[in-house]
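the sequence isn't on hand, but the structure is:
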DNA sequence: GAATAAGCGAGACGGTACGTCTGGTCTTTAT
DNA sequence: ATAAAGACCAGACGTACCGTCTCGCTTATTC
């Protein structure tokens, strides 16, 4: 006769949900992408396939949810605080730090596979692309834009610059180089992108 | 009695090869990507499945070959001449022309599906990505870099600029915006990219 | 609700099983044997191929099961009673009745195709041949031998006769003539076989 | 060597023909029947597939021709003389000799496979069955009937007996027992068949 | 505290596509 | 001119997954 029937009720639900998302992340990180099947996820999660399809409409959605949960977990570890970029007062220093870190992240095989999986699903699914924009990309972009606005106020960036454009000019080359494996993602490359972007949008 | 043994030999081979590649292009351009199956390609090409598997190891390879052939055909129509970019003497004008054209190309549903198919296959296949670089991306990039070098000589671009980097800063944002459908590809946007790139790599 | 959970469970299984066996019998009876493929069976039964392969290891086994089920159904219609031969007290009369009926059965195109299919599979598969002996041939042979034993007791057949041999001498010529289509299976022929067999094994 | 291009011409034809038939016999005798494919025959014979299909309309026909040639070769080794059965004057002795030899023949794995292959093709092909009757079965049967006629004249067999029926009663049980592997083919069994047949058709 | 749901793990089901193999036809290369 | 070699179309093979459906069983409420 508890008023916690919701939570009690959801406890089992929640356990299986987490098992599915964890299994998905593990599979995506460990296996070549063609082996990431709903059946493999269900088996690794110790869950019936129907339990997956009861919650998500397709494999794409599960994979997306798994990566979304990953980033939410990261947030939660930061005490639910929104992501923020370092702000030492010097935009160039801060951006180089962030860009070098990003380049390194892509070098991690597990992370690499996760983001490739995400992009595989997004390329041919406009709905998923929209969800990706809204739930994953935009929050991060807002954090980055906050730092850029701070730089604009500090006179380190053109106050009329379109910040979305700035972000694209800064990040898209890195992303494309990684996606197409057209060249290695070195620290020097990260620095170059920061420098050229700052030149393009200097005050 | 003929010295045209080579051509004679390839005639049947070539006919089925072209039928397969044409069928693949049509399917990719017309159908949602999950309907582009080897069986559908074979059926539309009027070809046995084995004839496909005899030449290419996987669906990815067929699709890549189909798009590669497409660009080679385009070249052939231009009298086998290598691709060149317009050179009016004014880099900004020329680049804006090219970038606007590129943005429009992506707006064509058939072209959109072709490039999405290509990227779908490339994302998880490093070998294919390398082949894409070598056979499709590099030749185009060389043409673009030729125009940039001409601009460097004309004093319209920093003579020390890394031209690969210039190309990335110019094109990658467009590509990423299209891939993730994060915003529309307008002529104004194309212009903005040219302008910011020229600012970043001004002499 | 119902206490028939067990039957409920098997109902779906049983339905698909019966659909497969019925489709197999129909195809074998209607089509030339090369058209009896697992895919055709699955299509006609409205069943996935895997549902067939989940139950039987090969096409041979499915066809055998279909014919086995046919004979079991025939039994069931006879109130589960074992097959028995007529026993009027006169062996010659009874055997001629049975042999003429057998000859007529072989003349039915559907039955003809069924037995040819069965023999096609049996010829090159010793395991299937053994199963055929045990499940189809032996029960029938036992019924026939029961009639022969009755005749032995009635002094109409040599009491020392090897009944398996008697059966072979009686039936094998008919079977061979049918299998090799070496001559028509007339009533007169059926009678001749009975007469010569009775002469061979007279008391 | 020769100016007789005609013979030269046929010699080559004949060589490839013999190679095909020999390869077929070897494959049938050595391999499980599902491995006897036209491609395997062509490969072993060192011959193009078209050279096979130029001469025979189907795989069945090739296999049949191979076995037919086998028996013709056997004849040829006997100086082209028609087959004859031993005639010591005592029918029972002679038939037991022949039946025991036949039973032993079936025990040879190579011969077993050859005859199974032949029957596999014959069961579902009436035209082939007719050809089998005419070219393989009838000549042998005529030889056997000649011996039986001699016995009739010698008063060892009913002069009114239908000799085709006698042959069937004698051989069909052996054939069926072998085909269905229902019991071993012993010398005693061969003797029993001779004895029961002679009882059935005693003068 | 027994009855009644509601949700679960398990896995069979109807389908679709895979990549392989063979049958029988048609082309090319080489003699 | 003919044959070896083998590519070609067609289509069945047996397997793997998809997304749905059914089954018992375990939990958790509800009367």
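That came through fine. A quick note: this is a predicted structure, and the numbers were derived from the prediction, not measured.

anything in the top helix by length along chain A near DNA strand E?
Counting residues, the longest helix found in chain A (DSSP state H) is helix A:5-30. Yes. Using CB under 7 Å from any atom of the strand, helix A:5-30 reaches DNA strand E at A:12, A:13, A:16, A:19. In this view, the C-beta of every residue, glycine as well, is placed from N, C-alpha and C.

buried only: go through the residues you listed for me.
A:16, A:19 (16 or more other CB atoms under 10 Å in any protein chain shown).

and DNA strand F, which of the residues of helix A:5-30 next to DNA strand E reach it?
Within the residues of helix A:5-30 next to DNA strand E, those near DNA strand F by CB under 7 Å from any atom of the strand are residue A:12.

how about the residues of helix A:5-30 next to DNA strand E in JSON lines, adding pLDDT?
Formatted as JSON lines, the residues of helix A:5-30 next to DNA strand E follow (pLDDT from 0 to 100):
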{"residue": "A:12", "pLDDT": "72"}
{"residue": "A:13", "pLDDT": "75"}
{"residue": "A:16", "pLDDT": "86"}
{"residue": "A:19", "pLDDT": "94"}
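
what is the nearest of the residues of helix A:5-30 next to DNA strand E to residue B:71?
For these, the residue nearest residue B:71 by CB to CB is residue A:19; the value is 46.5 Å.

hmm, residue A:47 and that closest one touching each other?
Yes. Under the criterion of CB atoms under 8 Å, residue A:19 makes contact with residue A:47 at 5.9 Å.

geometric centre of chain A: which residue is closest?
Taking CA atoms, centre = their mean, the centroid of chain A lies closest to residue A:136, which sits 5.6 Å from it.

which of the helices and strands in chain A ranks last by mean pLDDT?
helix A:5-30 (a mean of 79; mean pLDDT, DSSP states H and E).

mind listing what's buried in that helix?
Neighbour-count burial for helix A:5-30 flags A:16-17, A:19-29 (criterion: 16+ other CB under 10 Å).

is chain B within reach of it?
No. Between helix A:5-30 and chain B, judged by CB under 8 Å from any CB of the partner chain, nothing touches; the nearest distance is 11.0 Å.

and that helix, what does it pack onto?
helix A:38-45, helix A:49-53, helix A:59-77, helix A:109-123 (3 or more CB pairs under 8 Å, 6 or more residues apart in numbering or on different chains; DSSP states H and E).

helices or strands up against the longest one?
Right, the one you point to is helix A:59-77. Under the contact definition 3+ CB pairs under 8 Å, 6+ apart, helix A:59-77 sits against helix A:5-30, helix A:38-45, helix A:109-123, helix A:126-131.

run through who's touching that helix.
Under the contact criterion CB atoms under 8 Å, 6 or more residues apart in numbering or on different chains, helix A:59-77 has outside partners A:20-22, A:24-25, A:28, A:36-38, A:41, A:52, A:56, A:81-83, A:114, A:117-118, A:121, A:125, A:128, A:131-132, A:135-136.

what does chain A put close to chain B?
So chain A meets chain B at A:32-34, A:116, A:119-120, A:122-124, A:126, A:129-130, A:132-133, A:137, A:162, A:164-165, A:168-169, A:171-173, A:175-177, A:179-183, A:192-193, A:196-197, A:199-202 (CB under 8 Å from any CB).

how is residue A:57 assigned, secondary-structure-wise?
Following DSSP: H, G, I helix; E, B strand; the rest coil, we place residue A:57 in the coil state.
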